[in-house]
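**Q** coords below, sequence missing:
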């Protein structure tokens, strides 16, 4: 029983480390996405200087809708 507990403890430590690594990677990808989205919005606004509600507008992907939660942030 003690051996099983030790094995589970080590697995839990590994999972927590992997979770932290993935959380950091998700943060970096989100930052990169924000930069790319900003650049794209700037390029579109320069090429089409009109109201931003037209068919070429880019939706804000950060808008929270419904009851979705942030998978990168533990609750």
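**A** The structure has been received and is ready for your questions. What you see is a predicted model; the values in this text were computed from it and never measured. Residues are numbered from 1 along each chain as shown.

**Q** please count neighbours and contacts with C-alpha atoms only from this point.
**A** Fine.

**Q** could I get the full set of helices for the protein?
**A** Remark: helices assigned in the chain by DSSP state H are 2-47.

**Q** next, the buried residues of stretch 32-39.
**A** Residues of stretch 32-39 classed as buried: residue 37 (neighbour count, 16 or more other Cα atoms under 10 Å).

**Q** shaky segments in the chain?
**A** Residue ranges of the chain with pLDDT under 70: 49-75.

**Q** cutoff 80 now
**A** 48-75 (pLDDT under 80).

**Q** what number of residues lie near residue 40?
**A** Number of residues near residue 40 (other Cα atoms under 10 Å) recorded here: 13.

**Q** any idea how far residue 47 is from residue 17?
**A** 45 Å (Cα to Cα, to the nearest Å).

**Q** compare the two and say which is more crowded by neighbours.
**A** Neighbours were tallied for residue 17 and for residue 47 using other Cα under 10 Å; the higher tally belongs to residue 17 (12 against 9).

**Q** residues contacting that one?
**A** Not one residue lies near residue 17 by Cα atoms under 8 Å, 6 or more residues apart in numbering.

**Q** ok, it to residue 23 distance?
**A** Noted for residue 17: a distance of 10 Å to residue 23, by Cα to Cα.

**Q** just residue 11 next, same as before
**A** Distance from residue 11 to residue 23, by Cα to Cα: 18 Å.

**Q** which of those two has more neighbours?
**A** Legend: neighbour count by other Cα under 10 Å for residue 11 and residue 23, higher for residue 23 (16 against 12).

**Q** count of neighbours near residue 20?
**A** The local packing of residue 20 (other Cα under 10 Å) involves 13 other residues.
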